[in-house]
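S.K.: With the input below, show me the fold.
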Amino acid sequence: MFPQGLLIAFILGLLSGFVFAAPGAVMFQGGARNYETGRIAMAGPMANIIIALITLPLYLFVFYETDFLSTITGFICYINAFLAVFNLLPFGPLDGTKIIRWNATIWIIMLILSITVFTVTISNTIFAY
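M.R.: Residues are numbered from 1 along each chain as shown. Got it, this is the predicted structure:
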């Protein structure tokens with residue numbers, strides 16, 4: 001663990017206008033049960049799915065005539081849907097492994113939802129012009 005990392009990222013952001021900060025992982029010590037581990041692992045992809053679901057209708061129906069706002073909402077939706085799909089992959093330390101061990105049905109629902117939002121965002125971007 002590197003507690004000075006936040007301070008360094010903040011200072012770099014002030015000086016350069018660019019923040020370099022790598023995403024982190026949650027590591028458990030002791031005997032965390034599958035129920036606890038699965039629910040904690042579900043929080044990240046679920047937050048991405050919720051943000052994507054909020055920005056998707058804005059992208060498709062509200063800001064479709066405004067290039068700037070449409071681009072921003074589409075990008076936010078795309079990034080969050082992509083992160084959700086990626087984190088739900090059941091490989092290694094990704095959240096998908098922990099969620100599928102806890103509850104495979106919830107994992108399938110989350111994966112289908114995130115893939116659907118990702119596909120709609122991509123197809124609207126490709127076929128919009």
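S.K.: From L56, how far off is the spatially closest residue to I72 that is not a sequence neighbour?
M.R.: Closest residue in space to I72, ignoring its immediate chain neighbours: F63 at 8.0 Å, by CB to CB, 6 or more residues apart in numbering. C-betas here are computed from N, CA, C, even on glycine. For F63, the distance to L56 equals 11 Å [CB to CB, to the nearest Å].
S.K.: show me where the chain has helices.
M.R.: Under the criterion DSSP state H, the chain contains helices at 5-16, 34-57, 67-87, 95-102, 104-127.
S.K.: on contacts alone, who are the packing partners of the last one?
M.R.: Counting contacts by 3 or more CB pairs under 8 Å, 6 or more residues apart in numbering; DSSP states H and E, helix 104-127 is packed against helix 34-57, helix 67-87, helix 95-102.
S.K.: just so I know, which of these lies nearest I115?
M.R.: helix 67-87 (5.8 Å; CB to CB).
S.K.: mind checking how far the closest one is from the chain centre?
M.R.: 9 Å (CA atoms, centre = their mean, to the nearest Å).
S.K.: hey, which helix or strand in the chain has the poorest pLDDT?
M.R.: helix 5-16 (a mean of 70; mean pLDDT, DSSP states H and E).
S.K.: distance of the closest residue to R39 other than its chain neighbours from R33?
M.R.: In this structure, R39 finds its nearest non-sequential neighbour in W102, 7.1 Å apart by CB to CB, 6+ apart. Going from W102 to R33 by CB to CB gives 9 Å.
S.K.: Neighbour count: these two, which is higher?
M.R.: Using other CB atoms under 10 Å, the more surrounded residue of W102 and R33 is W102, with 19 against 10.
S.K.: rewinding a little: which ones are touching the residue nearest to R39?
M.R.: For W102, the contact set (CB atoms under 8 Å, 6 or more residues apart in numbering) comprises N34, Y35, T37, G38, R39, A41, M42.
S.K.: quick one: pLDDT of A21?
M.R.: Per-residue pLDDT puts A21 at 53.
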